[in-house]
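1. need a structure here:
(one chain, ligands or ions: 1)
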Amino acid sequence: MANDSLISTDIDYTQHGKQMGVLRVPQSFNTAGWANYFIPIAVIQNGSGPTVLLSGGNHGDEYEGQVALMNLVRELQPEQVQGRLIVLPMLNRPACVAGTRLSPIDGRNMNRAFPGQRNDTITGMIAHYVSSVLLPLADIVVDIHSGGRTLQFLPSVNMHELANKTQMDEMVRAASSWGAPYVFIYADVAGEGLLPSYAESLGKITLGTELGSAPQFGVEMLQIAENGVKNMLRMYDVLTDSPYTPPAVASQLVAATNAADYVMAPVSGIFEPFLEMGDSVDAGQELGQIHSTEMPFAPPSPVRAQTSGLLFGRCGFPLTQQGACVATIVRPYTLA
Ligand SMILES: [Zn+2]
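-> Residues are numbered from 1 along each chain as shown. Predicted coordinates:
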């Protein structure tokens, strides 16, 4: 892909030291015709080593990545780094400012916009910059997500199941360095154009995360994000503040690789869960039921698991819509 982005920046990706600046995305408003929208970006570079691209706020209502990466940029000094960190704590900043999953400017989901286009809506232009300028520089790509307002998750570092075994094994090794309770292999059941999928397709060591949900935002989830990123950077000798030590408790490797592992609401209404996170599930078992808001005294609609395993993800906001994922079922996974 040609490096012909319409986005400009004063950041020099070859310069050593710590730079904090913005990407300037052409974006007119009714009150400002000649205008740019600013997306924050930082680069910390020193010595020689891999380039790590770190992003948060791909979805604006997911706060772990935004806060962990803002803290990281403020805290890290170039002397502690061997290699280059490129950090975008609010990748979809319009959504971050609005506290929404989707961009309020163009209504788009950043994590369905990759690789994007040069002259696109704002979300697609940002995706195109990442695809055409930043990903070619990167060896390791980390996109920090959580359930936001829509889903609740047992905390994981995650990736897709890849045909390239060498790449997959290295991604699992990198994910395991975080010390999160789970390393989760997921499948796409709601479209394509994900940042991690695109980075994986380029052969990058690519990690995503799902850390709790917006109501769970707090010390525990932030520590997983902050300690996880730092441990991984130490494992790759990019962060040299202290030696890498493997996590005391190994992550459990689990997977939801069948579309049937993602249970969609059969009707709209209020989802009443019957199980807690981490409970074991048998195929056919009722996971919960959905109460109609229009016929409150009619029998609720049962929501059944189609596969067996462990309840890993659950509807994060009880008022649900037909077709929304209300449960994710995982099983233990073994690397081939
Ligand atoms: Zn997300």
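
2. now stretch 186-196, how far from the chain's geometric center?
-> 11 Å (CA atoms, centre = their mean, to the nearest Å).

3. what's the answer for stretch 239-253, then?
-> Relative to the chain's own centre, stretch 239-253 is displaced by 21 Å; criterion: CA atoms, centre = their mean.

4. Can you list the neighbours in contact with that stretch?
-> Stretch 239-253 is contacted from outside by 76, 80-82, 156-157, 172, 175-183, 185, 230-231, 233-235, 237, 332-335, using CB atoms under 8 Å, 6 or more residues apart in numbering. (C-beta placed from N, C-alpha, C; glycine too.)

5. From those residues, keep the buried residues only.
-> 76, 81-82, 156-157, 172, 175-183, 185, 230-231, 233-235, 333 (16 or more other CB atoms under 10 Å).

6. Would you report which members of the contacts of stretch 239-253 are assigned to strands?
-> Using DSSP state E, the subset of the contacts of stretch 239-253 located in strands is 156-157, 182-183, 185, 332.

7. Tell me which two in the residues you listed are the farthest apart.
-> By the measure CB to CB, 157 and 332 form the most distant pair in these, at 16.1 Å.

8. How confident was the prediction at residue 3?
-> We have a pLDDT of 59 for residue 3.

9. I figured residue 117 hits residue 124, correct?
-> Yes. Using CB atoms under 8 Å, residue 117 is in contact with residue 124, at 5.3 Å.

10. Contact residues of this protein facing the ion?
-> Counting by CB under 5 Å from the ion, the positions of the chain adjacent to the ion are 59, 62, 145.

11. if I look at the last one, how far off is residue 34?
-> Spelled out, that is residue 145. Residue 145 is 34 Å from residue 34, where distance means CB to CB, to the nearest Å.

12. Which parts of this structure are helices?
-> Along the chain, the segments classed as helices by DSSP state H run 63-75, 93-98, 122-129, 165-176, 195-201, 219-235.

13. for the record, mean pLDDT for the fifth one?
-> In this model, helix 195-201 has a mean pLDDT of 98.

14. That one: which residues count as buried?
-> Neighbour-count burial for helix 195-201 [16+ other CB under 10 Å]: 195-200.

15. next one: the last one
-> Neighbour-count burial for helix 219-235, with 16+ other CB under 10 Å as criterion, is recorded at 221-222, 224-226, 228-235.

16. any chance of those in CSV, plus pLDDT?
-> Formatted as CSV, the buried residues of helix 219-235 follow (pLDDT from 0 to 100):
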residue, pLDDT
221, 96
222, 97
224, 97
225, 98
226, 98
228, 98
229, 98
230, 98
231, 98
232, 98
233, 98
234, 98
235, 98
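
17. my guess is residue 314 contacts residue 274, does it?
-> No. If you go by CB under 8 Å, residue 314 and residue 274 don't touch, sitting 10.6 Å apart.

18. Settle it for me: which of those two has more neighbours?
-> In this view residue 314 and residue 274 are compared by other CB atoms under 10 Å, and residue 314 has more residues nearby, 24 against 14.

19. For that one, give me its contacts.
-> With CB under 8 Å, 6+ apart, residue 314 has these contacts: 151-152, 273, 275, 277, 326-328.
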